[in-house]
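> fold the following and give me the result.
(one chain, ligands or ions: 1)
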Amino acid sequence: MFRIRRIYDTSSPVNKMVVSQVQAILRAQFPFIMEDDITQLPEKLINPLKLGFRSILFVADDLRGNVQGFAFVYHEPNLNFFYLDYISSAKGITGRGIGGALYDRIRQEALYLNCSGIFLECLPDDPSLSSDPEIHKQNASRLKFYERYGARPIVNTAYETPLSPQDENPPYLVYDDLGRKKDLRRAQVRPTVKAILEGKYGEMCSPEYIKMVVSSFTDDPVRLREPRYVKKETIPMVPQVVPTDRRIVLIINDKHQIHHVRERGYVESPIRIKHILQAIENTGLFEKVPVRTFSEKYIRSVHNVKFVNYLKKVCFNLPEGKSVYPYVFPIRNSARPPKELAVRAGYYCIDTFTPLNRNAYLAAKRAVDCALTGVNHILEGYPLAYALVRPPGHHAEWGSFGGFCYFNSNAVAADYLSQYGKVAILDVDYHHGNGQQDIFYQRSDVLTLSIHGHPSFAYPYFSGFAAERGFGRGEGFNVNYPLAEKVDGKRYRETLEKALIKIKRFRPDFLVVALGLDPAKGDPTGSWSLVAKDFEANGRLIGSLKIPVLVVQEGGYNQRNIGINARHFFSGLWKGYFE
Ligand SMILES: [Zn+2]
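Next up is the predicted model:
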C-alpha cells in the first residue's frame with residue numbers, strides 16, 4: 001500500500017526521513033549522478049528557485065514513511081514547462097503501479113499549474129543507437145509506458161547527437177502535451193530545449209553544442225514520433241483545477257441499467273444513480289475513473305461459492321424479461337438445496353421481494369468491480385473514493401441475497417483492503433447492514449458498525465440488535481446502533497459520534513462507508529427525518545477522522561432529495577478530510 005504526495009519541505013521528521021531515503025535510492029539506482037547533486041536535494045526543496053527552476057519532489061511512501069518510489073521534477077516558471085528529471089522505484093520494488101501513479105500525479109500537477117507540457121529524456125529504442133539487447137528492451141518498455149499517455153519522442157531534430165562520438169544510448173527528448181492535443185510551436189520549444197540543456201548539461205556540453213541542437217528544431221509545429229507500441233492512448237485529458245490527490249475518485253457502475261426490475265413499486269431503480277450523478281458531477285470535487293474488471297475470486301472470498309455459482313447459473317438461464325421471486329424457503333442450511341433452479345431461489349434468499357433475472361448477476365458483479373476499483377485507487381494513495389453503484393449490497397450475507405442486494409460490494413472491498421491493514425465498515429443506511437455483519441462476524445481485523453432503524457420495526461427484522469457483538473475472535477468487533485422510529489439529524493449525530501469514537505479506538509488503516517441515503521426525510525423505506533445539512537455534518541464528521549475512505553452506495557429511494565443529500569454528504573466528507 002502506498003500513497004503519492006508532494007514533499008514541500010524537510011521540516012518534519014517524517015519528511016527528513018523520506019528525503020534521505022530518496023537520496024539513497026538515487027545513489028543506488030543512478031550510479032552516474034554526482035554526489036553534490038544528491039546532497040543538495042533538501043536545499044533545492046526549501047529554496048526552490050535557487051537554480052532558476054522550481055524543484056518538485058513527489059514520493060510514493062507507505063503510511064510509515066517507507067519510500068517505495070519517487071519522482072523529481074523541475075518546473076521552469078517563465079516558459080512554464082515541466083522537466084521530469086528522475087522517476088524511480090526503490091530497489092526490488094517493481095510492478096506495483098508506483099511508476100504509473102507517480103507519473104499520473106506529475107501530470108495532475110502540471111495541469112494544475114497550467115504548464116505547456118512535460119519534457120523528459122528517454123534512452124532510445126532504435127537498435128542503431130542502442131546495441132545491447134537488454135538495454136534496448138528496457139528502453140522500449142519505458143517508451144511504451146510514456147506512449148500510453150500520448151508522450152512520444154520529438155523527431156527530426158539533432159537532440160540525439162552524442163556528446164562524444166563513442167557515446168551509446170543518446171537520449172530522445174520526449175514530450176507529453178497532457179492530453180490537450182495542442183501543437184508545440186517552434187518558437188516555444190527552442191528556448192525550452194536551451195533551458196533544459198543548460199540546466200542539465202551546462203557543465204558538460206559546449207555552448208556550440210547547445211546552439212547546434214536548438215537550431216535543429218526546425219519543424220513548426222514540432223513533430224512527435226508516430227505511436228509505436230500503443231494503438232490508443234489510455235489516459236484521457238483531465239481538465240481540472242484541483243489535483244486528483246485532493247479529489248474524490250468516482251467510479252460509476254456503467255452496467256447498472258441492465259438491471260431494471262419493472263414491477264410496480266420496485267423502488268430500487270436506475271433513476272437513483274442518475275439523480276445522484278446529476279447533483280454531484282459539477283461540484284468539481286470528483287475525479288471520474290473507468291471501472292476495472294476483477295476476478296470473481298474476490299467475491300468468493302466473502303461469499304459461499306455454491307451461492308455465487310447458483311446466482312450466476314440461475315440468472316444466465318433466465319429468459320429476457322422474466323423474473324424469479326423466491327417463494328419456498330428451506331430453513332437455513334438444514335435442508336438440501338432444491339433441484340429446480342427457480343425453487344432453489346429461496347434456499348439462498350432472505351425475503352420475497354428481491355427478484356432474480358437475467359442481468360442481476362452481471363449488474364451485481366459490476367458493482368463489486370466498482371468497489372474494488374475504488375480500493376485500488378485508495379491503495380494508490382487517493383484518500384477518498386466513491387463507488388456509485390446499484391444494485392446495493394449490504395443485505396447480502398455469506399450465503400444469501402435479499403433486500404435488493406445480491407453481492408455485498410462493501411464487504412468484498414473491505415476484505416480486499418484487509419490484506420493491507422485494519423478496516424472498519426461503517427454502515428449509515430437506514431437498514432441494518434446484516435450482510436457485512438454476517439461475513440465478518442468472527443473476524444477481528446474488520447470492525448463492522450451499523451446505525452439503523454431498530455429491527456422491531458425496520459427491515460431486515462431478524463438482525464441488527466445491540467446484543468449482536470461478534471463471535472469467537474470477532475467478539476466485540478461488531479457494533480449495532482438500533483435507533484427509534486423517529487430520529488432527527490441531531491439525535492443521529494449523537495449516535496454517529498459514538499460510532500466514530502469506536503472507530504478511532506480500533507485505529508483502522510481504512511474506512512469503508514456503506515452509504516445509505518434512506519435516513520432522509522420522506523424516504524419511502526424509512527421513518528427518519530435527516531435533511532441536507534445533516535448529511536453534510538455527518539460527512540464532515542466522518543472525513544475528519546483523516547483515514548482513507550471508500551464510500552459504497554447502498555440504499556436511498558426518495559428521488560426528490562437523494563441527489564442533494566449525496567452532494568451535501570460528499571462536500572462535508574471532503575471538507576472534513578482536507579480542512
Ligand atoms: Zn436501506
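> interface residues of the protein facing the ion?
With C-beta under 5 Å from the ion as the criterion, the chain meets the ion at residues D429, Y430, H431, G516, D518, G555. Quick note: C-beta positions are derived from backbone N, CA and C, even for glycine.
> list just the nearest of those residues to the ion.
G555 (2.8 Å; C-beta to the ion).
> what residues are up against the closest one?
Taking C-beta atoms under 8 Å, 6 or more residues apart in numbering, we find G555 in contact with E268, P392, F404, D429, Y430, H431, G516, L517, D518, T525.
> list phi and psi for it.
Taking degrees, to the nearest 10, you get phi -90, psi -170 for the backbone angles of G555.
> state the distance from it to F462.
G555 is 18 Å from F462, where distance means C-beta to C-beta, to the nearest Å.
> now F407
Taking C-beta to C-beta, one finds F407 at 20 Å from F462.
> what's the answer for L426, then?
21 Å.
> more neighbours: which of these two?
Using other C-beta atoms under 10 Å as the criterion, L426 and F462 rank with L426 on top: 27 against 10.
> wait, isn't that one in contact with K502?
No. L426 lies out of contact with K502 (C-beta atoms under 8 Å); the separation is 9.3 Å.
> any common contacting residues for these two?
Common neighbours of L426 and K502 (criterion: C-beta under 8 Å, 6+ apart): L449.
> which stretches of this structure have low pLDDT?
Where the chain drops to pLDDT under 70, the residues are 1, 8-14, 46-51, 63-64, 94-96, 232-245, 327-335, 380-381.
> OK, now which residue of the stretch 151-300 of the chain is nearest to the ion?
For the stretch 151-300 of the chain, C-beta to the ion, closest residue to the ion: E268, 9.5 Å.
> next SSE after the helix or strand encompassing V479?
Counting by DSSP states H and E, the element that carries V479 is strand 478-483. Using DSSP H and E, the helix or strand that directly follows strand 478-483 along the chain is helix 489-506.
> list the contacts of that next one.
Against helix 489-506 from outside (C-beta under 8 Å, 6+ apart): 422, 424, 426, 428, 447, 449, 451, 477, 479, 481, 483, 511, 519, 528-531, 533-534, 537-538, 541-542, 545, 547.
> quick one, longest helix in this structure?
In the chain, taking DSSP state H as the definition, the longest helix is helix 360-379.
> list the buried residues in that helix.
Under the neighbour-count criterion of 16 or more other C-beta atoms under 10 Å, helix 360-379 has 360-361, 363-379 buried.
> TSV for the residues of the chain next to the ion, including distance to L496 and secondary structure?
Putting the residues of the chain next to the ion into TSV (distance: C-beta to C-beta, whole Å; DSSP: H, G, I helix; E, B strand; the rest coil) gives the following:
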residue	distance to L496	secondary structure
D429	13	coil
Y430	13	coil
H431	16	coil
G516	13	coil
D518	15	coil
G555	17	coil
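> ok, the one residue sitting closest to the centre of the chain - contacts?
Centroid-nearest residue in the chain: H377, 2.1 Å away (criterion: C-alpha atoms, centre = their mean). By C-beta under 8 Å, 6+ apart, the residues touching H377 are V249, I251, V289, A385.
> so which of the residues you listed belong to strands?
Of the contacts of H377, the ones assigned to strands by DSSP state E are V249, I251, A385.
> I'd like to know which of those are buried.
Buried subset of the ones in strands among the contacts of H377 (neighbour count, 16+ other C-beta under 10 Å): V249, I251, A385.
> adding distance to F569, write those out as JSON lines.
Listed next are these as JSON lines, based on distance: C-beta to C-beta, whole Å:
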{"residue": "V249", "distance to F569": "16"}
{"residue": "I251", "distance to F569": "17"}
{"residue": "A385", "distance to F569": "14"}
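> ranges for the strands of the stretch 51-200 of the chain?
Using DSSP state E, counting those that start in this stretch, the strands assigned to the stretch 51-200 of the chain run over residues 54-61, 67-76, 81-89, 118-122, 152-153, 172-176.
> which other helices and strands does the first one contact?
Think strand 54-61. For strand 54-61, the helices and strands in contact under the criterion 3 or more C-beta pairs under 8 Å, 6 or more residues apart in numbering; DSSP states H and E are strand 3-7, helix 13-29, helix 41-46, strand 67-76, helix 98-112.
> show me what counts as buried in the second one.
Looking back up the chat, that one is helix 13-29. By neighbour count on 16+ other C-beta under 10 Å, the buried set for helix 13-29 is N15, M17, V18, V19, Q21, V22, Q23, I25, L26.
> wait, isn't the fourth one in contact with K44?
In this case it means V19. No. Shown here, V19 and K44 do not form a contact pair, counting by C-beta under 8 Å, at 10.1 Å.
> burial of E579, as a residue count?
8.
> in ChimeraX, select just the buried ones from the residues of the chain next to the ion.
Here is the ChimeraX command that selects the buried residues among those (16+ other C-beta under 10 Å):
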select :429,430,431,516,518,555
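> so which of the residues of the chain next to the ion comes closest to N317?
Using C-beta to C-beta, G555 is the member of these that lies nearest N317, at 28.5 Å.
> and the closest one, how close does it get to F404?
Relative to F404, G555 is positioned 8 Å away (C-beta to C-beta).
> identify the contacts common to the two.
Common contact partners of G555 and F404 (C-beta under 8 Å, 6+ apart): E268, P392.
> give the contact list for the closest residue to P524 other than its chain neighbours.
Excluding the flanking residues, the one nearest P524 by C-beta to C-beta, 6 or more residues apart in numbering is Y557, at 5.3 Å. Neighbouring residues of Y557 by C-beta under 8 Å, 6+ apart: V267, E268, R272, D518, D523, P524, T525.
> so which of those comes closest to A158?
Looking across the contacts of Y557 and measuring by C-beta to C-beta, the closest to A158 is R272, at 59.7 Å.
> burial measure for the closest one, as a count.
Neighbourhood size, R272 [other C-beta under 10 Å]: 24.
> phi, psi for it please.
R272 adopts backbone torsions of phi -60, psi -50, taken as degrees, to the nearest 10.
> let me see the contact set for T448.
T448 neighbours (C-beta under 8 Å, 6+ apart): A424, I425, D427, G433, Q436, Q437, F440, F477, N478, V479.
> correction: the previous question concerned Y175.
Shown in contact with Y175 (C-beta under 8 Å, 6+ apart): G117, I118, F119, A151, R152, P153, I154, L184, V222, L224.
> how near is it to H75?
16 Å.
> could you do N253 as well?
Note on N253: its distance to H75, by C-beta to C-beta, is 38 Å.
> the more surrounded of those two?
It is N253, of N253 and H75, that has more neighbours when counted by other C-beta under 10 Å, with 27 against 19.
> which residue sits closest to the more buried one in space, ignoring its chain neighbours?
V389 (4.2 Å).
> pretty sure that neighbour contacts H259?
No. Between V389 and H259 there is no contact under C-beta under 8 Å: 10.6 Å.
> what ranges do the strands span in the stretch 401-550 of the chain?
423-427, 446-453, 478-483, 510-515, 549-553.
> distance to D85 added to the ones you listed, as CSV?
Converted to CSV, the strands of the stretch 401-550 of the chain look like this (distance: least, C-beta to C-beta, whole Å):
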stretch, distance to D85
strand 423-427, 38
strand 446-453, 42
strand 478-483, 50
strand 510-515, 33
strand 549-553, 34
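> P482 pairs with what?
For P482, the beta-bridge assignment (DSSP bridges) gives partners H452.
> and it, what does it touch?
H432, H452, G453, H454, P455, G464, F465, A466.
> repeat that with 6 Å
For P482, the contacting residues are H454, G464, A466, by C-beta atoms under 6 Å, 6 or more residues apart in numbering.
> between those residues, which is nearest the ion?
Of all the contacts of P482, the ion sits closest to G464, with 11.4 Å by C-beta to the ion.
> burial count for the closest one?
Neighbourhood size, G464 [other C-beta under 10 Å]: 25.
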